[in-house]
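Participant: I'll drop the sequence and a predicted model, then ask my questions.
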Amino acid sequence: MARRKSKLKGIEKCPTGIRGLDEITQGGLPRGRPTLVCGSAGCGKTLLAMEFVVRGITEYNEPGVFMAFEENAQELAKNVESLGMDVNDLVKKNKMAVDYVHIEKSEIEETGEYDLEGLFVRLGSMIDQIGAKRVVLDTVEALFAGLPNEAILRAELRRLFRWLKSKKVTAIITGEKGESTLTRHGLEEYVSDCVIFLDHRIINQVATRRLRIVKYRGSQHGTNEYPTMIDETGLSVLPISSLGLTYPVTTSRVSTGIPKLDTMFAGKGFYRGSSILLSGTAGTGKSSIAASFANSVCEKGEKCLYFSFEESPPQIIRNMRSIGIDLEKWEKKGLLKFHSSRPTLFGLEAHLVTIHKLAEEFKPHAVIVDPITSLTSIGETVEIKSMLTRVIDFLKNEKVTGIFTSLTAAGNAMEQSEVGISSLMDTWLLLRNTEIEGDRKRMLYILKSRGMAHSSKVQQFMITNEGIKLLEEAK
Amino acid sequence: MQTAVNDKKTRKQTKGLKKEWELRLYVAGQTERSVKAFLNLKKICEEHMPGQYHIEVIDLMKQPQLARGDQIVAVPTLVRKLPEPIRKIIGDLSDTERVLIGLDLRERS
């Protein structure tokens, strides 16, 4: 055959096991080479490095050496204990070696030529002792504070990184961010195969973490700043939109939960795996319609995950019971799962990661986010839009139907969704209250619904104690 | 490792008032630099503290595990265990003035 499949493999990768990081690096760090991880104090460098070693052992059976220059072994072990990493146990099993290198400048007197062979010996003996495949030096720059002769130190660091390569270990070197350079002492000059930058900043009083691949020689990588968070399982990076628009589609349908509403969508309801926006001003019935959908999902024995940013689960259950929808029984059966949190509790990243994680664990068929507009209190429109893009991409990839409610502020144009996300949505259902002859009437209509015939009627509906009822037969 | 060091310390401390130097020279292999450091050290000791010193040479190539206990990074490193406090004199010991300061034989100027 004339057509030749690309045989060029590119460089070999070493998976970190850190959620999301392997996706944006397309497989992990460059195997057998050093990677520089830099950022300001508290950005999570040490944690990333520690996870690299610990997950290397627990997930890939690659022993690792952690050489710390700033914290001693006990402190290190203690710090990551709460993240479920048992360093002492791994050391006991001879899978991990930890060494604390400390130089007290006041103890040192310099008298002529020297080299850093002592460091090499220590590192080398640990690597040989456990057969290490991974090495971390955290933060080797601390040596600059301890040793007076910078020229020797620089020459030796250069030798160290070459030596690490010759040992065929995949290494992470961490470095503190400098004023105008990536690292305070310019380590990026010596470690240039892969450079990862971590950032930790405060936006609107909410701490926000970001990760960026500054460079990755010989490999493609995502170039964005990726939201990152640290939780009880360690570091997570959110990959996201780099995935491109390649999600699977299906023609199968799911009921809206309201029979007559289904008829407005050619009698069948939403597409499975599509994203649906329910927008309207306060009190137009957004949550009720969302709950009807959740109810019908569970009735079919499928699972639904409900994110609420304004109400607690008991309140939702109570309110929906008043319109004849019993969500509690589904929750008890394990088909419905609520997750309620105040938007301001954490940054957007954290919400995003929570949605990801819960969705991965619970494996729902449908997800409800009620309402997305609450998030405007913690982020800029652009950020919220990018976050939602990520959520939607993720859900679509998993073929999960997503319902997002959006509150239109009074006075805004009805067709303007607050966070400008309508273009991300496949189906848009608009709800409004109209006053006719002294009565408030509830109306809904389908503003758009991609890829299917749908009713163009403005349909009146009522919220009764037996659920939502559309008033007349819709066509 | 740590206990061994402590044992020695107590033993030496109970040894009376005569000033003694307990020195440990860390090298990595029989390199030109390590030989030079040893000869420099020997000479200084003979000149300034004859009969009052003890030198232990540790080759990290043979006993790499010993590098940790004394926090050795640079090689050669001369560790002054006694008199206290601990001092580390790094380099080939060719700068005699500084070695003397490090050994507590000369005031820091």
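Facilitator: Cool, the structure landed.
Participant: sketch out the low-pLDDT regions of the chain for me.
Facilitator: I went with chain A, as the question did not name one. A:1-9, A:203-206, A:239-247, A:345-347, A:377-381, A:410-420, A:473-475 (pLDDT under 70).
Participant: that answer is for a different chain, and I need it for chain B
Facilitator: Residues of chain B meeting the criterion pLDDT under 70: B:1-18, B:108-109.
Participant: how about the residues of chain B near chain A?
Facilitator: Counting by CB under 8 Å from any CB of the partner chain, the positions of chain B adjacent to chain A are B:26, B:28, B:33, B:60-61, B:64-65, B:67-68, B:71-77, B:85-95, B:98-99, B:101-102. All C-beta spots, glycine's among them, are computed from the backbone N, C-alpha and C.
Participant: buried ones from those residues, can you make that a PyMOL selection?
Facilitator: Selection of the buried residues among the residues of chain B next to chain A in PyMOL, burial being defined by 16 or more other CB atoms under 10 Å in any protein chain shown:
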select buried, chain B and resi 26+28+33+60+61+64+67+68+71+72+73+74+75+76+77+87+88+89+90+91+92+93+95+98+99+101+102
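Participant: can you tell me which of the residues of chain B next to chain A end up in strands?
Facilitator: Among the residues of chain B next to chain A, the members found in strands (DSSP state E) are B:26, B:77, B:87-90.
Participant: residues near the residue of the stretch 201-350 of chain A found nearest chain B, how many?
Facilitator: Chain B sits closest to residue A:234 of the stretch 201-350 of chain A, with a gap of 28.0 Å, by CB to the nearest CB. Residue A:234 is flanked by 21 other residues according to other CB atoms under 10 Å in any protein chain shown.
Participant: who's in contact with it?
Facilitator: Neighbour list for residue A:234: A:18-19, A:47, A:51, A:83-85 [criterion: CB atoms under 8 Å, 6 or more residues apart in numbering or on different chains].
Participant: now do residue A:278
Facilitator: Here residue A:278 is in contact with A:286, A:289-290, A:403-406, A:429, A:431 (CB under 8 Å, 6+ apart).
Participant: how far away is the residue minimising distance to the centre of chain A from residue A:349?
Facilitator: Taking CA atoms, centre = their mean, the centroid of chain A lies closest to residue A:238, which sits 3.1 Å from it. Distance, residue A:238 to residue A:349, using CB to CB, to the nearest Å: 7 Å.
Participant: for chain B, what are the nearby residues on the stretch 51-200 of chain A?
Facilitator: A:99, A:101-103, A:107-122, A:124-125, A:143, A:146-147.
Participant: out of these, which are buried?
Facilitator: Taking 16+ other CB under 10 Å as the criterion, what is buried in these is A:99, A:101, A:103, A:107-122, A:124-125, A:143, A:146-147.
Participant: which neighbours do residue A:238 and residue A:349 have in common?
Facilitator: Both residue A:238 and residue A:349 are contacted by A:227-228, under the criterion CB under 8 Å, 6+ apart.
Participant: residue A:137 sits in which helix or strand?
Facilitator: Element membership for residue A:137, per DSSP states H and E: strand A:134-138.
Participant: chain center to that strand: distance?
Facilitator: 25 Å (CA atoms, centre = their mean, to the nearest Å).
Participant: give me the residues contacting it.
Facilitator: With CB under 8 Å, 6+ apart, strand A:134-138 has contacts from A:14, A:45-46, A:49-50, A:52-53, A:56, A:62-70, A:123, A:127, A:164, A:167, A:169-174.
Participant: same for the helix or strand in which residue A:126 is found, what does it pack against?
Facilitator: Using DSSP H and E, residue A:126 falls within helix A:117-130. Counting contacts by 3 or more CB pairs under 8 Å, 6 or more residues apart in numbering or on different chains; DSSP states H and E, helix A:117-130 packs against strand A:64-68, strand A:96-100, helix A:150-166, helix B:66-69.
Participant: out of those, deepest packed?
Facilitator: strand A:64-68 (a mean of 25; mean count of other CB atoms under 10 Å in any protein chain shown).
Participant: so how far is the very next helix or strand once past that strand from its chain's centroid?
Facilitator: Proceeding N to C from strand A:64-68, the next assigned helix or strand is helix A:73-81, under DSSP H and E. In terms of CA atoms, centre = their mean, the centre of helix A:73-81 is set 25 Å apart from its chain centre.
Participant: which SS state does the closest residue to residue B:71 other than its chain neighbours fall under?
Facilitator: Using CB to CB, 6 or more residues apart in numbering or on different chains and skipping the chain neighbours, the partner closest in space to residue B:71 is residue A:102 (5.5 Å). Under DSSP: H, G, I helix; E, B strand; the rest coil, residue A:102 falls in the coil class.
Participant: contacting residues around residue A:102?
Facilitator: By CB under 8 Å, 6+ apart, the residues touching residue A:102 are A:69, A:72, A:146, B:71.
Participant: and of those, the nearest to residue A:329?
Facilitator: residue A:72 (54.1 Å; CB to CB).
Participant: surely that closest one touches residue A:100?
Facilitator: Yes: contact status for residue A:72 versus residue A:100: in contact at 4.2 Å, counting by CB atoms under 8 Å.
Participant: residue in the stretch 151-300 of chain A nearest to chain B?
Facilitator: Nearest to chain B, among the residues of the stretch 151-300 of chain A, is residue A:152, at 8.3 Å (CB to the nearest CB).
Participant: got the buried residues for the lengthiest helix in chain B?
Facilitator: Longest helix in chain B, counting residues (DSSP state H): helix B:32-48. The neighbour-count check on helix B:32-48 (16+ other CB under 10 Å) flags B:33-34, B:36-38, B:40-41, B:44-45, B:48 as buried.
Participant: for stretch A:390-400, same thing?
Facilitator: Within stretch A:390-400, the residues that count as buried by 16+ other CB under 10 Å are A:390-396, A:398, A:400.
Participant: stretch A:54-67 now?
Facilitator: A:54-58, A:62-67.
Participant: what's in contact with stretch A:174-183?
Facilitator: Counting by CB under 8 Å, 6+ apart, A:36-41, A:43, A:45-46, A:49, A:136-141, A:184-188, A:195, A:197, A:214 sit against stretch A:174-183.
Participant: show me what counts as buried in it.
Facilitator: Applying 16+ other CB under 10 Å to stretch A:174-183 flags A:174-178, A:182-183 as buried.
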